[in-house]
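Colleague: generate a structure from the sequence data that follows.
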Amino acid sequence: QVQLVETGGGLVQAGGSLRLSCAASGNFLRFNTMGWYRQAPDKKREMVAIISRGGSTLYADSAKGRFSISGDNAKNTVYLQMNSLKPEDTAVYFCNSKGVWTTGVYYDLDFWGNGTLVTVSS
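Modeller: Residues are numbered from 1 along each chain as shown. Below is the predicted model:
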């Protein structure tokens, strides 16, 4: 069983910054990737940024140059530093993990956190 818990959301003015954190716990060793997705009202969930265990990163076009994803493999924690926030960044941000290794066994599974709300006021 894996649990992902996001923290760091809140209300910020346009141009401001927030840092989201996601801590994973449970009976596992490591993930292939961890990342952040977001879902705005009446919109589909979309990828924001992903980081592999080796440190490779992938960003949505909307996040490039403003957001930075990082991870701590030892703590199974991933962070999202969001700068120059815009009202259109308002959404619930979800932490995701893909591919989980337990002792000797790999599972091609996704896990999701419950989300943290980010609201950017104009």
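Colleague: who's in contact with the residue nearest in space to the middle of the chain?
Modeller: Nearest to the mean C-alpha position of the chain, by CA atoms, centre = their mean, lies W36 at 2.4 Å. Contact analysis of W36 by CB atoms under 8 Å, 6 or more residues apart in numbering lists 20, 22, 47-50, 69, 78, 80, 93-96. Every C-beta, even on glycine, is put in place using the N, C-alpha and C of the backbone.
Colleague: buried residues in the lengthiest strand in the chain?
Modeller: Counting residues, the longest strand found in the chain (DSSP state E) is strand 91-102. Neighbour counts over strand 91-102 (16 or more other CB atoms under 10 Å) mark A91, V92, Y93, F94, C95, N96, S97, G99, V100 as buried.
Colleague: okay, these in TSV with distance to T57 and pLDDT next?
Modeller: Converted to TSV, the buried residues of strand 91-102 look like this (distance: CB to CB, whole Å; pLDDT from 0 to 100):
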residue	distance to T57	pLDDT
A91	20	98
V92	22	98
Y93	16	98
F94	18	98
C95	15	98
N96	14	97
S97	15	96
G99	16	91
V100	20	90
